[in-house]
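> Using only what follows, build the 3D model:
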Amino acid sequence: MKTNVVCILITIIAYLLMMIIIGIRASKKNNDVGDFYLGGRKLGPIVTAMSAEASDMSSYLLMGLPGLAYLTGLCDVGWTVIGLAAGTYLNWLLTAKRLRIYSHKIDAITVPDFFSKRFREKNNVIMGISALIILIFFIPYTASGFAACGKLFGTLFGWDYHLAMFISAIIIISYTSIGGFLAASTTDLIQSIAMTAALVIIVIFGISTAGGVDVVMSNAHSLTGYFSLTELHDAGSESELQLIPGASGRFGGSSAHYGFISVVSTMAWGLGYFGMPHILLRFMAIEDSAKIKVSRRIASVWVVISMAVAVFIGIIGNALSANGSIAVLDGNDSETVIMKMAELMSEHGILPALFAGLIFAGILACTMSTSDSQLLAASSSMSENFIKGVFKVKLTDKQSMTIARIVLIVIAVLSIFIAWNPDSSVFAIVSFAWAGFGATFGPLMIASLFWKRSNKYGAVACLAAGGITVFVWKFLVRPMGGSWNIYELLPAFIAGGIAMVVVSLLTPAPENEVSADFDAVAKELKA
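Residues are numbered from 1 along each chain as shown. Have a look, this model is predicted:
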């Protein structure tokens, strides 16, 4: 094994060991199931902000966004970033404080638990449907994270995909099952720092290797439609490409029009935030609702800067391909641009190799920070909402903690099984799961927090309409193409919202106790 690879491996192993140690330390603070799933509502503003965004920023931050920018320029990735940034800020502004106060008042520790207690249902239908939705979409979502880890180690060290995935899964399962929510949130904070360090290091190295910012920008300007927000750059076939004199890179190509429907469809990604259980749980867990403003500012600034830098990395990577520093990347290979840049850095000595290891650790952090949160949300749905809520099995806190850990491990094993195929599409699974949560929980969460007239019948209709529309639009409508080629989250979100309003108005008003809870929360918000 080469020296640079050994240095990278040492850095990654040290990072993974640190995650496990944090899990063991956090386990000593778990006294009951509320501690395991919400950290006892003791998260400070910085941990809340950074763990929420780290659990959100899966591998698309260091792989998806740079790869998209590298391949097609600013248009597609730009509108995606704008939608995600707007969704992040609005979710913190509109949802965070209300959800923290409301969930604390009705003593809810999971998202399905919140919906059920919000409408004071007696038969736990809303809880059961919500828990089922989490299991349907989170198990494959978690599987995509395990698959990304497997591909990372397989690409870097030449390990067998299944072995690499299995080792990664064991690490994530270890610190999450031992330490619970507090471990996941604390490691997410560390992982957000690793992501930030990776972004900064690779930008500095990339600009230096490319020959300066002027060279990077000049290369981008030479690519047709690369900096446009209404045109999508298309490199075209090899015969249409022009080689830059004296280099193995290329420039020119063509561009395709990026219409209004495409812009709206892409920005719809931002709607997903209102329904993401692993992000909403962070809002429920903050120690003091008065500190949410601080968390919102930290989270919003970090998200905007990190995504902008990630896009810039893709632009830098294109310039490095143009001067022959890294190979020209096509199709899905473009998502490995940051890996190629890190590998190039590792060839410059021991210290650069250690920095390259930090970059790979940052990529791993993106995946791990999302997977641990998803595992917790999925296990809480099964143990708390299905076993105790729907089936009404009475358990002590110790029994609940044990079952929670067992369920977490079982879900992780199922996720490994789903991710067993190394050719599985990570992005396709993530985008579909994102739409599923956004379209079902999103409109329901907004109505639950802001509309006093909403009732349990409307809640059931919202979950059903949003969930069904996601599947119908994805597999039946969108393949028709043309004007129908819209990301399924947008029409499904609208369908869920309409169902919520119509059914709530056509059925009896909520009980006096439900309205009293709503008024009490509104009064506390004004205080």
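> those strands in the stretch 201-350 of the chain, which residues are they?
Assigned by DSSP state E, counting those that start in this stretch, the stretch 201-350 of the chain shows strands spanning 231-234, 241-243, 250-252, 254-257.
> for the host helix or strand of residue 84, which positions count as buried?
Using DSSP states H and E, residue 84 maps to helix 74-90. For helix 74-90, the neighbour count (16 or more other C-beta atoms under 10 Å) marks 74-89 as buried. The way it works is simple: take the backbone N, C-alpha and C, and place the C-beta from them, glycine included.
> Among these, give me the pair with the biggest separation.
Greatest spatial distance in the buried residues of helix 74-90: 75 and 89, 22.0 Å, computed using C-beta to C-beta.
> Help me confirm that residue 304 comes into contact with residue 85.
Yes: using C-beta atoms under 8 Å, residue 304 is in contact with residue 85, at 5.2 Å.
> returning to that earlier point: how about residues contacting the helix holding residue 84?
Here helix 74-90 makes contact (C-beta atoms under 8 Å, 6 or more residues apart in numbering) with 53, 56, 65, 68-69, 225-233, 258, 262-263, 266-274, 296, 299-300, 303-304, 307-308, 311, 314.
> can you point me to the longest helix in the protein?
helix 161-210 (DSSP state H).
> just checking, residue 119 touches residue 455?
Yes: using C-beta under 8 Å, residue 119 makes contact with residue 455 at a distance of 6.5 Å.
> which neighbours do those two share?
510, 514.
> for the chain, what are the low-confidence residue spans?
1, 23, 26-42, 54-55, 58, 175-188, 236-253, 369, 372, 423-427 (pLDDT under 70).
> switch to 50 and redo it
Under the criterion pLDDT under 50, the flagged ranges of the chain are 237-251.
> Can you tell me the centre-most residue of it?
Central residue of the chain (C-alpha atoms, centre = their mean): residue 56, 3.1 Å from the mean position.
> separation between that one and residue 88?
Using C-beta to C-beta, to the nearest Å, residue 56 is found at 7 Å from residue 88.
> What about the nearest residue to residue 457 once chain neighbours are set aside, how many residues nearby?
Excluding its sequence neighbours, the residue lying closest to residue 457 (C-beta to C-beta, 6 or more residues apart in numbering) is residue 507, at 4.2 Å. For residue 507, the count of nearby residues is 13 (other C-beta atoms under 10 Å).
> Now do the same contact list for residue 507.
Neighbours of residue 507 in contact, by C-beta under 8 Å, 6+ apart: 455, 457-458.
> where does it fall, phi/psi-wise?
Note on residue 507: its backbone torsions stand at phi -120, psi 170 [degrees, to the nearest 10].
> Pull up the gap between it and residue 493, please.
From residue 507 to residue 493 the distance is 22 Å (C-beta to C-beta).
> now swap in residue 393 and tell me
From residue 393 to residue 493 the distance is 34 Å (C-beta to C-beta).
> Looking at these two, which is more packed in?
residue 493 (26 against 13).
> Touching both of residue 56 and residue 88, which residues are there?
With C-beta under 8 Å, 6+ apart, residue 56 and residue 88 have common neighbours 273, 303.
> residues contacting residue 368?
19, 145, 149, 168, 171-172, 187, 191.
> check contacts around residue 453.
By C-beta under 8 Å, 6+ apart, the contact list for residue 453 reads 504-505, 509-510.
> Torsion angles phi and psi at it?
Per degrees, to the nearest 10, the backbone of residue 453 is at phi -80, psi -10.
> Okay, it and residue 500: tell me how far apart.
10 Å.
> Give me the common contacts of those two.
Joint contacts of residue 453 and residue 500 (C-beta under 8 Å, 6+ apart) do not exist.
> Might you report the residue contacts of residue 150?
161-162, 164-166, 168, 419, 422.
> mind checking the end-to-end distance for stretch 316-328?
13 Å (C-alpha to C-alpha, to the nearest Å).
> buried subset of the contacts of residue 150?
Buried residues within the contacts of residue 150, counting neighbours by 16+ other C-beta under 10 Å: 161, 164-165, 168, 419.
> of the residues you listed, closest to residue 332?
Using C-beta to C-beta, the buried ones among the contacts of residue 150 come closest to residue 332 at residue 161, 15.3 Å.
> how near is that closest one to residue 155?
9 Å.
> now swap in residue 493 and tell me
Residue 493 is 36 Å from residue 155, where distance means C-beta to C-beta.
> again, but for residue 211
From residue 211 over to residue 155 (counting by C-beta to C-beta), the distance is 27 Å.
> likewise residue 400?
Residue 400 is 40 Å from residue 155, by C-beta to C-beta.
> okay, the two: which has more neighbours?
Neighbours were counted for residue 400 and for residue 155 using other C-beta under 10 Å; residue 400 has more, 21 against 16.
> is it fair to say that one lies in a strand?
No: secondary structure of residue 400 (DSSP: H, G, I helix; E, B strand; the rest coil): helix, not part of a strand.
> so it makes contact with residue 388?
Yes: using C-beta under 8 Å, residue 400 makes contact with residue 388 at a distance of 7.1 Å.
> The nearest residue to residue 173 once chain neighbours are set aside - how many residues pack around it?
Of all residues not flanking residue 173 in the chain, residue 412 sits nearest, at 4.8 Å (C-beta to C-beta, 6+ apart). When neighbours are defined as other C-beta under 10 Å, residue 412 has 25 of them.
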